[in-house]
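Chemist: need the 3D shape of this:
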Amino acid sequence: MSKFTISRRGVMLGMAAAGLIPMTSIGMASAATPKAGGILKVSHSTRIATLNPLTLSGPAEYPCLDMLYSGLTRIGVDNKPMADLAESWEGSEGATVFTFKLRKGVTFHDGSALTADDVVATYEAILNPDRPASARSVLTMIDSVTAADDLTVVFKLKSPFADLPTATAHANARIVSRKALEADPATLETTVNGTGPFKLETYDSAQMVRLVKNENYFIPGKPYLDAVEMHLFPDLAAETANFLNGQMDVMLTVQQADYERIAGSAGIEAKRIPSGRFVNVVMRHDAKPWSDVRVRKALAMAVDRQMLVDVILEGLGRPAYDNILSPEYQYVIDSPEIPYDPAAAKALLAEAGYPDGLKVTMVASNRPAIRAQVAVAIKQMALPAGFDIEVETMPHDTYLANVWMKGDFYIGYWGMQPTADAAFRLLMTSDASYEDSAWKNKEFDALVDEGRATLDPAKRAEIYAKAQQMMLDDQVYIIPFWEDLLTASSDKTEGYNLAPINRYFYFENVWLDK
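Modeler: Just a heads-up that it's a prediction; the model follows:
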């Protein structure tokens, strides 16, 4: 029997029929001297629903966070921690005590002085189980945070954790004043008093958020810009048109289908940054049929990963084989290639008790569009393996309220994390911030705990290799590809860059060469 192959055209026609693609579609900073002044206009397609630094998570909210607030440390373009509010730090020999020295003379936007007490108050809020805080899951090793003096903060840990300076760079661990934290928590949603390079002037989540230069920013001479305006374009075609006609200086996120056209346009600099960002197929392990690992593995063999890269990402990414860690992570292991083999998948599905195939419903949010595109492509690919998949696409708000972290079978979408430990504790451990698979493997949890307490890099690599292999053996998720970050700016926009983790944007370095 010849091996079944599904054509690229067939997948694209299926996606076009579902309305997910139109039928017609079947860097380094400048060495020049920066110029001060000007207004940078940035387009984005997702609403800035909140400015609360402890909880925000939207694609357009992170750039605002990075401009308005500062952390003790920050992640650089090399995915390593760099100084921010802390000018230096030192760990004890056993990595159970870390001392951070703060910069002198840092002030909040209202002119009040930043002190170690504000750092203590921020971490008390993050660690408070009664307060929502996205960074809590990666900081659970902290036993206490104290102020030795106005410019010295001491972290005592429950167990050794060499990655603490990276953990303190968590995007949602930006420092908030004690005064703001002790006020009504709702005020953090719309008002800002940070120490970042820009201050909030206008907040209109449905249209435009305007940030203006912080004249008292702690890095002398920065930022160069007078203001940054974040303009919302719910319609992607309108966003692209406004960027190409020069109304916008930066297009925060470029869609794969538009990248080649935008990159080839005059006066545009397009950027393609390899990253650990991925779409994943969530299969609840506590619900039939996904409770059977054979069904999960059958579906994994029914996905043509290279074709998804070619069709969905327009070649702007790399195939992945279900490891949550991309090649950019330290301690990543090589995941065995999973060939597209519908015949073998069908046989395994029959072995699991479904000789006549399996009918299931996969849910996908309509934002970003890649979720639904992947769902419809997998529907086409998996059909000859015996999977009859009905794709249900819904508005993103409805998806968040009714499906995300609740549904049995749906499409997730995640950005890269700074460390293996952070990635595991985002999704994989039993107490992960966004645990959505119901895997809850105590042996895996123990390995992750052991890894974060191990200082020897070779031993740590061995521990994390075991954890990753366990995850692959149990087929926790289907992760078909790693997606490149795609963004673009006008050729008059200098110094624009972002980290692979896609949470840090360095707008204080941007200037306009008019």
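Chemist: which residues in the stretch 251-400 of the chain form helices?
Modeler: 256-263, 293-301, 305-311, 342-351, 370-382, 396-402 (DSSP state H, counting those that start in this stretch).
Chemist: show me what the third one is packed up against.
Modeler: Using 3 or more C-beta pairs under 8 Å, 6 or more residues apart in numbering; DSSP states H and E as the contact criterion, the secondary-structure elements in contact with helix 305-311 are helix 8-17, strand 317-319, helix 370-382, strand 481-490. The C-beta positions use only the backbone N, C-alpha and C, and glycine is treated the same way.
Chemist: A helix includes E90, no?
Modeler: No: applying DSSP: H, G, I helix; E, B strand; the rest coil, one finds E90 to be strand, outside a helix.
Chemist: surely it meets T99?
Modeler: Yes: counting by C-beta atoms under 8 Å, E90 touches T99, with 5.3 Å between them.
Chemist: neighbour count winner among these two?
Modeler: Counted by other C-beta atoms under 10 Å, E90 and T99 do not tie: T99 has more neighbours, with 15 against 10.
Chemist: so what's the more buried one up against?
Modeler: Residues in contact with T99 (C-beta atoms under 8 Å, 6 or more residues apart in numbering) are W89, E90, A148, T152, V153, V154, F155.
Chemist: and the third one, what is it in contact with?
Modeler: Spelled out, that is A148. T99, A116, V154.
Chemist: what's the burial count for the closest residue to T429 other than its chain neighbours?
Modeler: What sits nearest to T429 in space, not counting adjacent residues and going by C-beta to C-beta, 6 or more residues apart in numbering, is D445, at 5.1 Å. Counted with other C-beta under 10 Å, residues neighbouring D445 total 18.
Chemist: that's a helix at D445, yeah?
Modeler: Yes: looking at D445 with three-state DSSP, it is inside a helix.
Chemist: contacting residues for it?
Modeler: By C-beta under 8 Å, 6+ apart, the contact list for D445 reads T429, S430, D431.
Chemist: per-residue pLDDT, the last one?
Modeler: With respect to pLDDT, D431 scores 90.
Chemist: just say helix, strand or coil for the residue lying closest to it once chain neighbours are set aside.
Modeler: Nearest non-adjacent residue to D431, counting by C-beta to C-beta, 6+ apart: S137, 6.9 Å away. Following three-state DSSP, S137 is assigned to helix.
Chemist: just checking, S137 touches R425?
Modeler: Yes: under the criterion of C-beta under 8 Å, S137 makes contact with R425 at 4.8 Å.
Chemist: which neighbours do those two have in common?
Modeler: Both S137 and R425 are contacted by D431, A432, S433, under the criterion C-beta under 8 Å, 6+ apart.
Chemist: now the second one, nearest residue through space, not along the chain?
Modeler: In other words, A432. R425 (5.5 Å).
Chemist: can you verify that neighbour is assigned to a strand?
Modeler: No: read with three-state DSSP, R425 is helix and lies in no strand.
Chemist: tell me how many other residues crowd it.
Modeler: 25.
Chemist: from D292, how far off is it?
Modeler: Here R425 is placed at a distance of 27 Å from D292 (C-beta to C-beta, to the nearest Å).
Chemist: quick check: the residue nearest to A432 vs L139, distance?
Modeler: For R425, the distance to L139 - C-beta to C-beta - is 10 Å.
Chemist: for the residue most central in space within the chain, give me the pLDDT.
Modeler: The residue lying closest to the centre of the chain (C-alpha atoms, centre = their mean) is G415, at 2.3 Å. Here the pLDDT value assigned to G415 is 87.
Chemist: for G91, grab the count of nearby residues.
Modeler: Residues contacting G91 under the criterion other C-beta under 10 Å number 18.
Chemist: L455 in helix, strand or coil?
Modeler: coil.
Chemist: list the contacts of it.
Modeler: G94, A95, P160, A162.
Chemist: which residue is the nearest non-sequential neighbour of Y329?
Modeler: A420 (5.4 Å).
Chemist: let me fix that: Q256
Modeler: E314 (4.0 Å).
Chemist: would you check how far apart that neighbour and A266 are?
Modeler: E314 is 21 Å from A266, by C-beta to C-beta.
Chemist: out of these two, which sits in the more crowded spot?
Modeler: E314 (17 against 6).
Chemist: immediately after the lowest-mean-pLDDT helix or strand in the chain, which helix or strand?
Modeler: Lowest mean confidence among the helices and strands of the chain (mean pLDDT, DSSP states H and E): helix 8-17, at a mean of 53. Counting by DSSP states H and E, the next helix or strand C-terminal to helix 8-17 is strand 39-44.
Chemist: rewinding a little: now, of the contacts of D445, which are buried?
Modeler: T429 (16 or more other C-beta atoms under 10 Å).
Chemist: now tabulate the contacts of D445 in JSON lines and tack on distance to P197 and secondary structure.
Modeler: As requested, those are exported to JSON lines (distance: C-beta to C-beta, whole Å; DSSP: H, G, I helix; E, B strand; the rest coil):
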{"residue": "T429", "distance to P197": "35", "secondary structure": "coil"}
{"residue": "S430", "distance to P197": "39", "secondary structure": "coil"}
{"residue": "D431", "distance to P197": "35", "secondary structure": "coil"}
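Chemist: out of the contacts of D445, who's nearest Q468?
Modeler: Among these, T429 lies closest to Q468 (C-beta to C-beta), at 13.3 Å.
Chemist: show me where pLDDT drops low in the stretch 201-350 of the chain?
Modeler: For the stretch 201-350 of the chain, no stretch is flagged by pLDDT under 70.
Chemist: contacts for stretch 361-379, please.
Modeler: Under C-beta under 8 Å, 6+ apart, the answer for stretch 361-379 is 11, 14-15, 18, 20-21, 45-46, 59, 236, 253, 255-256, 279, 281, 302-303, 307-308, 311-312, 389-396, 399-400, 403-404, 407, 409-411, 413, 480, 483.
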